[in-house]
Every structure is written in structure tokens, then in C-alpha cells.
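K.L.:
need the 3D shape of this:
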Amino acid sequence: MNVILDKEIFKDLYIIYIGKKKIINQNNKEIDCIHFKVNLIEGTIFKANESMNVFVSNDENRIPIYVEAEILVGAIRVYSKSIKGTKVPIKYLN
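P.N.:
This next block holds a predicted model:
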């Protein structure tokens, strides 16, 4: 896929389907997710040839629940704190 970022075209970026995984969110609730790896664009934050793990809800909403990536000075891990106004209610497994 091609991506335009900051008026620059980046060609042949990829998204790889990894599988399904259950993620426990910040409220200790389990959500069924789809796991993808997305390659990152080298710049001021991300290293070259690195990828980001993205977990989206495995329902009609497809909301990003958890994202993690290596950066130049460590790693970032991001959880969705609250979710409102979805097509269908979020299905928690516990």
C-alpha cells in the first residue's frame, strides 16, 4: 500500500495479518482482538525496518485497543482508555 505523510509518498508499505489474540485492557477487561503488524516509516521517532503491533477489536467496530512499537529511545505502548459511540457495544469476554 502507498501512504502519503507530510506531503511525501511512501510506497510499498505493508500490513501483515498475524492472527487473533485476547487483550486485557487498562480496566482489566478482556477483549477479543485481531493482530496486525504494520511497517513504520523511518523518521525522528521510529527506527528503520521496524514494525508496529496493532490490535483492533474483533467486532464490527474494529477499534484500536492496543498498539506497541519500538522507538529510538525505547518503546511505546498505547491502550484505549475509553470507548464511546460505537456501532455496536464492545463485547468484553469477562
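
K.L.:
what does the helix or strand harbouring I34 rub up against?
P.N.:
Following DSSP states H and E, one finds I34 within strand 30-39. Residues from elsewhere that reach strand 30-39, judged by Cβ atoms under 8 Å, 6 or more residues apart in numbering: 13-25, 49-59, 62, 65-66, 90-94. (Each C-beta comes from the backbone N, C-alpha and C, glycine too.)

K.L.:
could you do stretch 87-94 as well?
P.N.:
22, 29-32, 57, 59-61, 63, 83.

K.L.:
can you find the helix or strand in the chain with the smallest mean pLDDT?
P.N.:
strand 3-5 (a mean of 69; mean pLDDT, DSSP states H and E).

K.L.:
tell me how many other residues crowd K81.
P.N.:
Applying other Cβ atoms under 10 Å, we find 8 residues neighbouring K81.

K.L.:
does it count as helix, strand or coil?
P.N.:
coil (DSSP: H, G, I helix; E, B strand; the rest coil).

K.L.:
how close does the nearest residue to it once chain neighbours are set aside sit to I63?
P.N.:
Leaving aside its chain neighbours, K81 sits nearest to Q26 (6.4 Å; criterion: Cβ to Cβ, 6 or more residues apart in numbering). Q26 sits 14 Å away from I63, going by Cβ to Cβ, to the nearest Å.
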